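>>> coords please:
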Amino acid sequence: MAVAEAGSRPDQLRRVALASAVGTTIEWYDYFIYSTAAALVFGSQFFTDLEPASATLAAFATLGVGFLARPIGGVVWGHFGDRVGRKAMLIASLLLMGFATVGVGLLPTYDQIGLLAPVLLLVLRLLQGLSAGGEWGGAALMAVEHAPEGQRGKYGSYS
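Numbers count the residues shown, from 1 in each chain. As a prediction, the model looks like this:
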């Protein structure tokens, strides 16, 4: 931890802890919304050529793709966070998550654009997973780096 960060002001510490908690809340809210839509809507809208049970399983497979992409996102965002700056990468990962989530919401269905619909759904889910991996790692690291001595665990738990 840098010396300047060890002397962080209490208002700055609260802001970092709050930003970490808000970022993680947004990330998991996006995951929750996606998983709910996968269970209720995505099978019938993006996998219409499959039997209903198979379509639901295919929709849940796209949910799993996001979880598989998270560690890769953590490595990629962490690398660029070290080179460019953690704050910039944290903001970029949150923006990417928002872009991908809005993209999923605006995505045309299989009946409208055919096979491209589930392919785009998969690509957007990969982007969500990559951004989630970067957001969590960046948020936890920023919270711990700005924590007062002896309270790193407490501040790290906010993310």
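>>> Buried residues of stretch 80-96, list them for me.
Buried residues in stretch 80-96, counted by 16 or more other CB atoms under 10 Å: 80-81, 86, 89-90, 92-94, 96. All C-beta atoms are positioned from the backbone trio N, CA, C, and that covers glycine.
>>> Closest one of those residues to Gly137?
Nearest to Gly137 among the buried residues of stretch 80-96: Gly81, at 7.9 Å, using CB to CB.
>>> which helices and strands does the helix or strand where that closest one lies pack with?
Element membership for Gly81, per DSSP states H and E: helix 52-84. Here helix 52-84 touches helix 10-37, helix 43-46, helix 86-106, helix 116-145, going by 3 or more CB pairs under 8 Å, 6 or more residues apart in numbering; DSSP states H and E.
>>> now Gly150: how far from Ala53?
Counting by CB to CB, to the nearest Å, the gap between Gly150 and Ala53 amounts to 53 Å.
>>> so Gly153 is in which element?
helix 152-156.
>>> just how off-centre is that helix within its chain?
Distance of helix 152-156 from its chain centroid, counting by CA atoms, centre = their mean, to the nearest Å, is 21 Å.
>>> Next, the contact list for the most centrally placed residue in the chain, please.
Nearest to the mean C-alpha position of the chain, counting by CA atoms, centre = their mean, stands Ala132 at 2.3 Å. Ala132 sits next to 27, 30-31, 66, 69-70, 73, 93, 97 when contact means CB atoms under 8 Å, 6 or more residues apart in numbering.
>>> Please repeat the previous calculation with a cut-off of 6 Å.
Under the criterion of CB atoms under 6 Å, 6 or more residues apart in numbering, the neighbours of Ala132 are 27, 70.
>>> Please apply the same query to the one 10 residues further on.
Contacts for Met142 were tallied using CB under 6 Å, 6+ apart; they are 16, 86.
>>> mind checking how far it is from Arg9?
15 Å.
>>> Spatially nearest residue to Gly137 (excluding sequence neighbours)?
Distances taken as CB to CB, 6 or more residues apart in numbering put Gly74 closest to Gly137, at 4.6 Å, once the chain neighbours are dropped.
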